[in-house]
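> Output the structure for:
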Amino acid sequence: MVMRILLAISFDSITWTSSAVEPLAYLNSKGRAVGLYDSRVMRLDHDDHNRWLVDMFTLHPNRSLLNPKFDGYKLDPISSEDTVARHALKYIATQASVTGRHHFSFQETESRIRHNHLIVNPNGEQAVYIDTELRVISVRLDHDTLQPSLIAIYDIPRPMQTPDSESLPREYPSSIFVDAQTLICSDGHGTLHVLTLSSSIDTARLLGVYELPRTLNFPSLSSIPFRLHAAILSADSQAIVVISFKHLIEEPHGALSGRKAPPVEFDIVAVRVPLQDADDSTATSPLDILWHRRGTNVPIYTAYEKSRGVFILAGGSPYRHIEQPSLEHHEPTGTSPDKSAPTDDAGAPPSPPKPPPYAWTQDSEEVTVALPFPSSTLKENINVLFSPQTLTVLVQDSSSSNSDAPRFASARLWGGIAPPSSFWTWDAHGAQAYGLLTLHLEKRHAGTRWPHLFDDTVSPSSPSVQPEQVPETLDPSELYAIRESLEKYTAALAGSGGADAMRPSSLADGEVDEEADAAVGTETCITWVAAADGADPAGAQADWDVPFTVLATPLPGMSDGISLVVKHTIDGPLFVLSDENAAGGTPVWTHLSTFSAMAFVLASKRDTRFTYHVPSKAVLAFEGGGDYGGNLYIYRDAKPKSNLAKQAILKLTGNTSGSLLGVGAIRNGEESIILCLCEKELLVLRNVL
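Down below sits the predicted model:
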């Protein structure tokens, strides 16, 4: 039997491949394992090995909701004339807030791009944004005509410009609703304004003005610019507001200008905001700090779970207590930051992350598993037992005390195998430190695709040998077939002169980064924080700081629950936080549905600014646009076993509208209307959901 795919595994800093595979893999100049297959290149980054263990397996997708036979998305055109209404803005919005004197890290730039300038009132009937003149603008729609009404309800005083204030980069102005009648606004310079809204007309009254204590960062003569993320009403009728700001480190006197900059970190704090009239509403008062966390990224999603009384902070890193030491920084692909960390042995190379214990792949007839063992292992000490539904691998090596070597005792496989046709081979690799044990498992039902190697719904006979779940290493030919299947439904659009076909490429010849094309979604960790005091909730699992990939967050104004669309191989399963055991038990995420091949289709979107979902309805990918315009890509949900799903494309932005700045949904009776705030226009979208 011919093995159809190259397997390359790293173990304890050593990379090897099976010598039985032709052609062999080799280690290129960047330390990357490279293998050739049918004139195509399959690259396996060491970091990719590490991600195998955290690709949302902590959330355990429901196998019955995954559809391995999904073919693709079929174009279901909708008319832009009947769907999109454009209205010129009387109050101009902008995304320009800084001068050229400030330099931003990758994390800061990414956070500013994702900033949503439009927020939606909890009553679902009003949206708010802040314009270039720091005016708070209320947006409402006429129930019959959907004509928008824009009213300036409050003018935020412009801060005085001083050398001290210019030393810190400004944030975008932001706002957040506490309830339907209470709005909190930040001017982006470090001042917070509390407004109460009239229930009958669009007016606002100032309750008080506040700022962060300047001791939160190193002592400064200016206010600390911050961004608003979430707000709730506390039991004492005050507001608890979650805000973020860049953690500043004071440079020691006499420091050399050429020294490496310290890692960028962001502080996440909860403040208590009084909601009664201040004694002097124009005087600025310091805010009370309830709790203080720190991480390497700005949160991409923040929500409040009322039944447990906790905030959920979803971002590119865990958010630790400030007294805890800094964790290892995971820098995004495409940057070249300083990845070194202080160690006791200065100058020693950092230890690579521990790779998975095995790798596996499959074709229509067999599953191939590769396991690393010390090359000193004798063949007679290898015991492999195949049964129709389980696998046992026990290896004795007297010369090795490596307790991390893989071993399975009656581990239940995902599907059935044919033991008489299954076999194993051992390649000791001569003088190499590690050899490769390769298992060839003949599938009992040919043509069945296994989503996992092991059946995680049934525990093995011994809990101590519970096998880890490792994502499949896909054969490049399989990826090619998937791509061909999906592209046949989008080729007609490009051939008919669709919006994408007319748009010039943003990259010149030779600048296309294939590695960037493979990256989709946002690497995310979830941190649970008690709203009142910042404690770690007793029911929060310890492994929530394991990163996974988020593809879409809830569309603002549309979802009362907490949900995420995550990446699982090429799919996008939707997980919803359940109220089960809410009184203090472990949080439960329920796999509700799956947007099949969502990770694959989103990977081709180069200019996506916002990616939102509406549970059980659609994933919406909004392009930022600009001079060449941007589109809205709509991917409909489908029945679990349907081979096709519907997609639609709407032209949104262009020269007359400017770039997309914010998105939200408001209600008009039983209908949901999507608002798109652009630099020069407000777009009203109906009949989308």
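> Run a quick neighbour tally on the nearest residue to residue 473 once chain neighbours are set aside.
Leaving aside its chain neighbours, residue 473 sits nearest to residue 361 (4.8 Å; criterion: Cβ to Cβ, 6 or more residues apart in numbering). (C-beta placed from N, C-alpha, C; glycine too.) The local packing count at residue 361 equals 20, with neighbours defined by other Cβ atoms under 10 Å.
> packing partners for the host helix or strand of residue 361?
Counting by DSSP states H and E, the secondary-structure element that holds residue 361 is strand 359-362. Contacting strand 359-362 under the criterion 3 or more Cβ pairs under 8 Å, 6 or more residues apart in numbering; DSSP states H and E are the following elements: strand 366-374.
> Quick one: list the elements packing against the helix or strand in which residue 185 is found.
Assigned by DSSP H and E, residue 185 belongs to strand 182-186. The contact analysis (3+ Cβ pairs under 8 Å, 6+ apart) places strand 182-186 against strand 174-179, strand 191-197, strand 227-233, strand 239-246.
> Pairing partners for that strand, with directions?
The pairing partners recorded for strand 182-186 under DSSP bridges are strand 174-179 (antiparallel), strand 191-197 (antiparallel).
> Which residue ranges of the stretch 451-600 of the chain form helices?
Remark: helices of the stretch 451-600 of the chain, listed N- to C-terminal, are 476-487, 491-495, 499-502, 514-518, 598-602; assignment by DSSP state H, counting those that start in this stretch.
> That should have said the stretch 251-400 of the chain, apologies.
Counting by DSSP H, counting those that start in this stretch, the stretch 251-400 of the chain contains no helices.
> Correct me if wrong: residue 456 contacts residue 470.
No. Counting by Cβ atoms under 8 Å, no contact exists between residue 456 and residue 470, whose distance comes to 11.5 Å.
> So which of these two has more stuff around it?
Just comparing residue 456 and residue 470: by other Cβ under 10 Å the higher neighbour count belongs to residue 470, 21 against 16.
> Tell me the pLDDT of the more buried one.
In this prediction, residue 470 carries a pLDDT score of 83.
> Next: the one 3 residues further on.
According to the prediction, residue 473 has pLDDT 76.
> residue ranges of the strands in the stretch 101-250 of the chain, please?
Along the stretch 101-250 of the chain, the stretches classed as strands by DSSP state E, counting those that start in this stretch are 119-120, 127-130, 135-141, 148-155, 174-179, 182-186, 191-197, 204-211, 227-233, 239-246.
> deepest of these, which one?
Each of the strands of the stretch 101-250 of the chain was scored by mean neighbour count; the highest is strand 127-130, a mean of 26, by mean count of other Cβ atoms under 10 Å.
> What average pLDDT does that one get?
The average of the pLDDT scores along strand 127-130 is 96.
> Also stretch 440-459?
81.
> now swap in stretch 366-384 and tell me
86.
> now swap in stretch 198-207 and tell me
Average pLDDT, stretch 198-207: 86.
> Compute the first-to-last residue distance for it.
13 Å (Cα to Cα, to the nearest Å).
> can you check stretch 127-136 too?
In terms of Cα to Cα, the two terminal residues of stretch 127-136 are separated by 10 Å.
> Show me what the strand holding residue 185 is in contact with.
The set of residues that contact strand 182-186 without belonging to it, under Cβ atoms under 8 Å, 6 or more residues apart in numbering, is 128, 130, 136, 154, 156, 171, 173-178, 192-197, 204, 226-228, 231, 233, 239, 241, 243, 273, 275.
> rerun that using 7 Å as the cut-off
Contacts with strand 182-186, where a contact means Cβ atoms under 7 Å, 6 or more residues apart in numbering, come from 128, 130, 136, 156, 173-178, 192-197, 204, 226-228, 231, 239, 241, 273, 275.
> Next, the angle from that strand to strand 204-211.
With axes from the mean of the first three to the mean of the last three Cα atoms, to 10 degrees defining the directions, strand 182-186 sits at 50 degrees from strand 204-211.
> Could I get the CA-only coordinates of strand 182-186 as PDB?
What follows is strand 182-186 as a C-alpha-only set of coordinates in PDB (Å, rounded to 0.1, in the frame of the first residue of the first chain):
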ATOM      1  CA  THR A 182     -28.000  56.100  30.300                       C
ATOM      2  CA  LEU A 183     -25.100  56.700  27.900                       C
ATOM      3  CA  ILE A 184     -21.400  56.900  28.800                       C
ATOM      4  CA  CYS A 185     -19.100  58.600  26.400                       C
ATOM      5  CA  SER A 186     -15.300  58.900  26.100                       C
END
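> Which one of the strands of the stretch 101-250 of the chain lies nearest to residue 436?
strand 239-246 (46.9 Å; Cβ to Cβ).
> Just the C-alphas of that closest one, formatted as CSV.
Provided in CSV are the C-alpha atoms of strand 239-246 (Å, rounded to 0.1, in the frame of the first residue of the first chain):
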residue,chain,number,x,y,z
ALA,A,239,-22.6,51.7,36.7
ILE,A,240,-19.7,49.2,36.4
VAL,A,241,-17.7,50.1,33.2
VAL,A,242,-14.9,48.0,31.6
ILE,A,243,-12.3,50.1,29.8
SER,A,244,-8.9,49.5,28.3
PHE,A,245,-5.8,51.6,27.8
LYS,A,246,-2.2,51.1,26.8
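> how far off strand 227-233 does it point, in degrees?
Going by the same axes, to 10 degrees, strand 239-246 makes 160 degrees with strand 227-233.
> what lines up beside strand 239-246 in the sheet?
For strand 239-246, the pairing partners within the sheet under DSSP bridges are strand 227-233 (antiparallel), strand 266-273 (antiparallel).
> could these go into CSV alongside distance to residue 379 and mean pLDDT?
Compiled in CSV, the strands paired with strand 239-246 are given as follows (distance: least, Cβ to Cβ, whole Å; pLDDT from 0 to 100):
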stretch, distance to residue 379, mean pLDDT
strand 227-233, 59, 95
strand 266-273, 54, 95
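> Sort out which residues of stretch 409-423 are buried, please.
Residues of stretch 409-423 classed as buried under the neighbour-count rule (16 or more other Cβ atoms under 10 Å) are 409, 411-415, 417-418, 422.
> Please narrow the residues you listed to those residing in strands.
Filtering the buried residues of stretch 409-423 for membership in strands, criterion DSSP state E, returns 409, 411-412.
> hang on, the earlier thing: let's have the strands paired with strand 239-246 in TSV, adding distance to residue 635.
Compiled in TSV, the strands paired with strand 239-246 are given as follows (distance: least, Cβ to Cβ, whole Å):
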stretch	distance to residue 635
strand 227-233	27
strand 266-273	31
